[in-house]
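Enquirer: model the following, please.
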Amino acid sequence: MVDWPTVASLATAFGTLVLALATFAAVRSANRAAMAAEHSLLAGLRPLISAARFSDPPQKVMWIDRHIARAEGGRAVVEVVDDVVYLAAAIRNSGNGLALLHGWYPYPERKGAEDDHEPPEQFRRLTRDLYVAAGDVGFWQGSIRNGDDPHRAGVVAAIEAREALTVDILYGDHEGGQRAIARFALTPWDDGNWLFAPVRYWNIDLPDPR
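Expert: Modelled structure (predicted):
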């Protein structure tokens, strides 16, 4: 004799299991779709700064003390005037989103891709917001003014000896997210100029692709 109550209980349990599996699959699919949409949105906002091309138009750079320099594509401005160190470079935003520059960190020597960066909170904040539109050219600038600045002696010595410098630039999208650090080498050249070239990039708010 068939035990119908037992059969009904098993059928109900099986149906509940099937429903649970279907719900789990639907939720997982929705999560994947949401993650893909978020990734696509962030990619549309993500900037990527690089050195400006040699053919890009020069950028006029003025500091707070009204010191003015001309930043040529592919080159850096490296000057010491009245004990003030002026550094600048023309940069290009090769990404899809507006780039907002946050800060920078100098090294009085050549740093390679294998050398790690300093924590973002130790970077020097820019005295004004610098933006570079997607696909456009702008500039980065910095200065070292205080005589007791811990980086000043080393940077000045490297400049006077015509030795390579390194600068890490902290930047992100226009909402302040997707922060990244771009390392650039400032290399003295025979004609008296300084070349400006990227060395390595690090993601701060996103997983590192390496």
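
Enquirer: tell me where this structure has helices.
Expert: 4-45, 152-160 (DSSP state H).

Enquirer: what's the least confident stretch among the ones you listed?
Expert: If you rank these by mean pLDDT, helix 4-45 sits at the bottom with a mean of 57.

Enquirer: low pLDDT regions in the chain?
Expert: Where the chain drops to pLDDT under 70, the residues are 1-11, 13-44, 209-210.

Enquirer: the strands in it, which residues?
Expert: Ranges of strands within the chain are 49-51, 59-62, 68-71, 75-81, 84-93, 99-107, 124-132, 137-144, 165-172, 180-188, 194-203, based on DSSP state E.

Enquirer: so which elements touch the third one?
Expert: Using 3 or more Cβ pairs under 8 Å, 6 or more residues apart in numbering; DSSP states H and E as the contact criterion, the elements in contact with strand 68-71 are strand 59-62, strand 75-81, strand 84-93. Using the backbone N, CA and C atoms, a C-beta is placed for each residue, glycine as well.

Enquirer: turn the ones you listed into TSV, including mean neighbour count.
Expert: Formatted as TSV, these follow (neighbours: other Cβ atoms under 10 Å):
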stretch	mean neighbour count
strand 59-62	15
strand 75-81	19
strand 84-93	23
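
Enquirer: adding distance to Asn146, write those strands out as TSV.
Expert: Listed next are the helices and strands packed on strand 68-71 as TSV, based on distance: least, Cβ to Cβ, whole Å:
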stretch	distance to Asn146
strand 59-62	20
strand 75-81	14
strand 84-93	10
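
Enquirer: ok, back up a step: I'd like the strands of the chain as a markdown table, with distance to Glu114 appended.
Expert: Compiled in a markdown table, those are given as follows (distance: least, Cβ to Cβ, whole Å):
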| stretch | distance to Glu114 |
| --- | --- |
| strand 49-51 | 20 |
| strand 59-62 | 31 |
| strand 68-71 | 28 |
| strand 75-81 | 22 |
| strand 84-93 | 23 |
| strand 99-107 | 14 |
| strand 124-132 | 23 |
| strand 137-144 | 23 |
| strand 165-172 | 13 |
| strand 180-188 | 11 |
| strand 194-203 | 9 |
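
Enquirer: which of those sits closest to Thr12?
Expert: strand 194-203 (50.0 Å; Cβ to Cβ).

Enquirer: CA atoms only: put that closest one into CSV for me.
Expert: This file holds the C-alpha atoms of strand 194-203, laid out as CSV (Å, rounded to 0.1, in the frame of the first residue of the first chain):
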residue,chain,number,x,y,z
TRP,A,194,65.4,66.1,-18.8
LEU,A,195,63.5,63.2,-20.3
PHE,A,196,60.2,62.1,-18.7
ALA,A,197,59.2,58.5,-19.1
PRO,A,198,56.8,56.1,-17.2
VAL,A,199,58.3,53.2,-15.3
ARG,A,200,55.5,51.4,-13.5
TYR,A,201,51.8,51.7,-12.4
TRP,A,202,50.1,50.4,-9.2
ASN,A,203,46.4,50.2,-8.4
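
Enquirer: ok, residues contacting that strand?
Expert: When contacts are defined by Cβ atoms under 8 Å, 6 or more residues apart in numbering, strand 194-203 is touched by residues 48, 50-51, 74-78, 89-90, 111-113, 117, 165-166, 178-189, 208-209.
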